[in-house]
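[1] Build me a model:
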Amino acid sequence: MASSENSSSDDYLSTSQVNRKESEVEIEFSEDEESLIIRMYKLVGDRWSLIAGRIPGRNADQIKKYWISRRNSTSAFRK
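    Numbers count the residues shown, from 1 in each chain. I've put the predicted structure just below:
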């Protein structure tokens, strides 16, 4: 019985830790997906759900994170 009392929530990640780890994971995109995202962005702007609807298996949040990370990495080279 003492062993069950000793198990604590330290064995589990908090919600903020899980969210932080999920946001740190880089999502891989194929060249076709990248070119489609670029073309769609030029056409419809930042309507991420509309863009994601054209790419099977992707959601709006993944597309937005990709676009922001891409923009941040390319702007570093322009300075």
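[2] which residues are in contact with the longest helix out of those in the chain?
    When every helix of the chain is counted residue by residue (DSSP state H), the longest turns out to be helix 60-78. If you take CB atoms under 8 Å, 6 or more residues apart in numbering as the criterion, helix 60-78 is touched by 23, 26-27, 29, 34, 37, 41, 46, 48-49, 51-52, 55. Where you see a C-beta, it was placed from the backbone N, CA and C, and this is true even at glycine.
[3] If we use 10 Å, what do you get?
    Applying CB atoms under 10 Å, 6 or more residues apart in numbering, the contact partners of helix 60-78 are 22-23, 25-29, 33-34, 36-38, 40-41, 46-55, 58-59.
[4] Equivalent analysis for stretch 37-49, please.
    Contacts for stretch 37-49 (CB under 10 Å, 6+ apart): 29, 50-55, 58-68, 70.
[5] Mind checking which of those residues are buried?
    Buried members of the contacts of stretch 37-49, scored by 16 or more other CB atoms under 10 Å, are 29, 51, 52, 55, 58, 62, 63, 65, 66, 67.
[6] Quick one: mean pLDDT over the helix or strand hosting the second one.
    Assigned by DSSP states H and E, residue 51 belongs to helix 48-52. In this model, helix 48-52 carries a mean pLDDT of 97.
[7] Export that helix to CSV, keeping only CA atoms.
    The C-alpha trace of helix 48-52 is given here as CSV (Å, rounded to 0.1, in the frame of the first residue of the first chain):
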residue,chain,number,x,y,z
TRP,A,48,-4.8,28.1,-43.0
SER,A,49,-7.8,25.9,-42.8
LEU,A,50,-8.5,26.4,-46.5
ILE,A,51,-4.9,25.6,-47.4
ALA,A,52,-4.9,22.5,-45.1
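[8] From here on, call the first residue 249.
    Right, with 249 as the first residue, what we last looked at is helix 296-300.
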